[in-house]
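Trainee: here's my sequence, what's the structure:
(chains A and B)
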Protein chains: 2
Amino acid sequence: MLPARVRQLCELLGRLPGVGEKTAQRYALHLATGDAAAAQALGEALCALASTVGRCERCGNIAEADAQGLVCAVCRDSRRDGALLCVVARIQDLLSIERSGAYRGYYFVLGRLLSPLEGVTAGDLPLEALRARVRDPDRSVREVLVATPPSVDGEATALLLAQDLRPLGVIITRLASGVPHGGDLEFADPVTMGRAIAGRRGLE
Amino acid sequence: MLPARVRQLCELLGRLPGVGEKTAQRYALHLATGDAAAAQALGEALCALASTVGRCERCGNIAEADAQGLVCAVCRDSRRDGALLCVVARIQDLLSIERSGAYRGYYFVLGRLLSPLEGVTAGDLPLEALRARVRDPDRSVREVLVATPPSVDGEATALLLAQDLRPLGVIITRLASGVPHGGDLEFADPVTMGRAIAGRRGLE
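Mentor: Below you'll find the predicted structure:
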């Protein structure tokens, strides 16, 4: 029923994360029948992407290429504390930590988590690159903050990283887990409440 | 925190219907760090869109341009019943009716509904074009099926169209409203149940 070009567009949009057939069709019809200049601008931005943007060669964060190579804004920031390295699963997690303003070290983006259900094993994680980063004599990392998410896969990955990095003589820490700020205690799930109690702190 | 090109991509993706800041960022990161060829293909498809695809000049459905102009697949199909014209609000509604296989006439896509809340009045609807389409001596429309949605705006638009088209001497019909196929009566909302009862039919 739809023209071939619109069907092709639906198929390409359907590869975006969390986008099914209906949503892809909705986007495609919007782009094909709405503001033509907006569709054109989006098309041009996407065509320019591959040649200008990619993963930072130091940490895996997203970066814009220039004369210095593909190095992200965090890795370029020499005022950060080189003794601190934070390991995150995804770039989104890095952005969330940056928004908090509470961290001033560097990052390492794993790109994925251990996941027995999805067949992701230790061999699929960039452990060798992480060890090289921690051992890098130019930076002298002293603490690795493992900021994988507080899920089953995230915890399993954190344990693996701790085992893997301990021989390198660095302090390994984990994000605190507990009731979120502004959360209602009544609706906290039992695991979160259990962690909040186990991790209770003295009132200063 | 994100490179300028990725921020621009987020901004453009955020204009898609129902896409907020977080979702736009998720799409942008997927496109910028995932399969570069897929992002390129999507970019090229979008750049080619404006010059090849648009609204059918007869009915407003989506159409691919060729030597015959911008005419959609439905309007090109001469085996359809020219006496039947179905008025829909959106192209998605046309596609849904086509999927049912129960309709063999032509269409007219309004593009919008009357909506006092959003400030859409009768003057914003293509009523003149619709009257011209109904009066077209080459097609001799006998029945106009008003397939606007069974919502407040859809009903108001249907009443307006009925008033507007009645002087042209055509039969004006409306989609039946009632409990959906496979639906559970227990969970039918009162308005739907009321319509199903008011519109009850004799068992043949």
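Trainee: okay, CA-based contacts and neighbour counts for the rest of this
Mentor: Noted.
Trainee: in chain A, which residue sits closest to chain B?
Mentor: Nearest residue of chain A to chain B: A:Gly43, at 3.8 Å (C-alpha to the nearest C-alpha).
Trainee: how many residues are close by A:Leu185?
Mentor: 11 (other C-alpha atoms under 10 Å in any protein chain shown).
Trainee: give me the pLDDT for the residue nearest the centre of chain A.
Mentor: Centroid-nearest residue in chain A: A:Arg90, 1.4 Å away (criterion: C-alpha atoms, centre = their mean). Taken from the predicted model, the pLDDT recorded for A:Arg90 is 93.
Trainee: excluding sequence neighbours, find me the nearest residue to it.
Mentor: A:Gly111 (5.4 Å; C-alpha to C-alpha, 6 or more residues apart in numbering or on different chains).
Trainee: got the contact list for the residue of chain A closest to chain B?
Mentor: A:Gly43 is in contact with B:Leu42, B:Gly43, B:Glu44, B:Ala45, B:Leu46, B:Cys47, counting by C-alpha atoms under 8 Å, 6 or more residues apart in numbering or on different chains.
Trainee: list the residues that contact the residue nearest to the centre of chain A.
Mentor: A:Val109, A:Leu110, A:Gly111, A:Arg112.
Trainee: about what we covered before: now name the helix or strand holding the residue of chain A closest to chain B.
Mentor: helix A:36-52 (DSSP states H and E).
Trainee: buried residues of that helix, list them for me.
Mentor: A:36, A:38-47, A:49-50, A:52 (16 or more other C-alpha atoms under 10 Å in any protein chain shown).
Trainee: export it to PDB, keeping only CA atoms.
Mentor: The C-alpha trace of helix A:36-52 is given here as PDB (Å, rounded to 0.1, in the frame of the first residue of the first chain):
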ATOM      1  CA  ALA A  36      10.400  18.500   3.900                       C
ATOM      2  CA  ALA A  37      13.200  20.800   5.100                       C
ATOM      3  CA  ALA A  38      13.300  19.000   8.400                       C
ATOM      4  CA  ALA A  39      13.500  15.500   6.800                       C
ATOM      5  CA  GLN A  40      16.300  16.800   4.500                       C
ATOM      6  CA  ALA A  41      18.200  18.300   7.500                       C
ATOM      7  CA  LEU A  42      17.900  15.000   9.400                       C
ATOM      8  CA  GLY A  43      19.100  13.100   6.300                       C
ATOM      9  CA  GLU A  44      22.100  15.300   5.900                       C
ATOM     10  CA  ALA A  45      23.000  15.100   9.600                       C
ATOM     11  CA  LEU A  46      22.900  11.300   9.300                       C
ATOM     12  CA  CYS A  47      25.000  11.200   6.200                       C
ATOM     13  CA  ALA A  48      27.600  13.300   7.800                       C
ATOM     14  CA  LEU A  49      27.700  11.200  11.000                       C
ATOM     15  CA  ALA A  50      29.900   8.300  10.000                       C
ATOM     16  CA  SER A  51      32.700  10.500   8.800                       C
ATOM     17  CA  THR A  52      32.700  12.900  11.800                       C
END
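Trainee: could you point out the helix or strand that follows it?
Mentor: strand A:53-55.
Trainee: helices or strands next to the helix or strand following that following strand in the packing?
Mentor: Per DSSP H and E, the first helix or strand lying C-terminal to strand A:53-55 is strand A:62-64. In this structure, strand A:62-64 makes packing contacts with strand A:53-55, helix B:21-33, judged by 3 or more C-alpha pairs under 8 Å, 6 or more residues apart in numbering or on different chains; DSSP states H and E.
Trainee: strands paired with strand A:62-64, and their directions?
Mentor: strand A:53-55 (antiparallel) (DSSP bridges).
Trainee: what's the worst-scoring helix or strand of chain A on mean pLDDT in contact with?
Mentor: Ranking every helix and strand in chain A by mean pLDDT, DSSP states H and E puts helix A:190-198 at the bottom, with a mean of 85. Residues outside helix A:190-198 that contact it (C-alpha under 8 Å, 6+ apart): A:Ser177, A:Gly178, A:Val179.
Trainee: go with 10 Å
Mentor: A:Pro150, A:Ala176, A:Ser177, A:Gly178, A:Val179, A:Pro180, A:Leu185, A:Glu186, A:Phe187, A:Ala188, A:Gly199, A:Arg200 (C-alpha atoms under 10 Å, 6 or more residues apart in numbering or on different chains).
Trainee: dump those residues into a markdown table; add secondary structure and pLDDT as well.
Mentor: Formatted as a markdown table, the contacts of helix A:190-198 follow (DSSP: H, G, I helix; E, B strand; the rest coil; pLDDT from 0 to 100):
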| residue | secondary structure | pLDDT |
| --- | --- | --- |
| A:Pro150 | coil | 87 |
| A:Ala176 | coil | 86 |
| A:Ser177 | coil | 85 |
| A:Gly178 | coil | 85 |
| A:Val179 | coil | 84 |
| A:Pro180 | coil | 85 |
| A:Leu185 | helix | 82 |
| A:Glu186 | helix | 84 |
| A:Phe187 | helix | 83 |
| A:Ala188 | coil | 83 |
| A:Gly199 | coil | 82 |
| A:Arg200 | coil | 82 |
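Trainee: now the buried members of the residues you listed.
Mentor: Counted by 16+ other C-alpha under 10 Å, the contacts of helix A:190-198 give A:Pro150, A:Ser177, A:Gly178, A:Val179 as buried.
Trainee: now, the most widely separated pair of those?
Mentor: Of all pairs drawn from those, the greatest distance, 12.2 Å, lies between A:Pro150 and A:Val179 (C-alpha to C-alpha).
Trainee: can I get the helices and strands packed on strand A:62-64 in JSON lines with distance to B:Leu85, mean neighbour count and mean pLDDT?
Mentor: Formatted as JSON lines, the helices and strands packed on strand A:62-64 follow (distance: least, C-alpha to C-alpha, whole Å; neighbours: other C-alpha atoms under 10 Å in any protein chain shown; pLDDT from 0 to 100):
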{"stretch": "strand A:53-55", "distance to B:Leu85": "50", "mean neighbour count": "22", "mean pLDDT": "91"}
{"stretch": "helix B:21-33", "distance to B:Leu85": "39", "mean neighbour count": "19", "mean pLDDT": "93"}
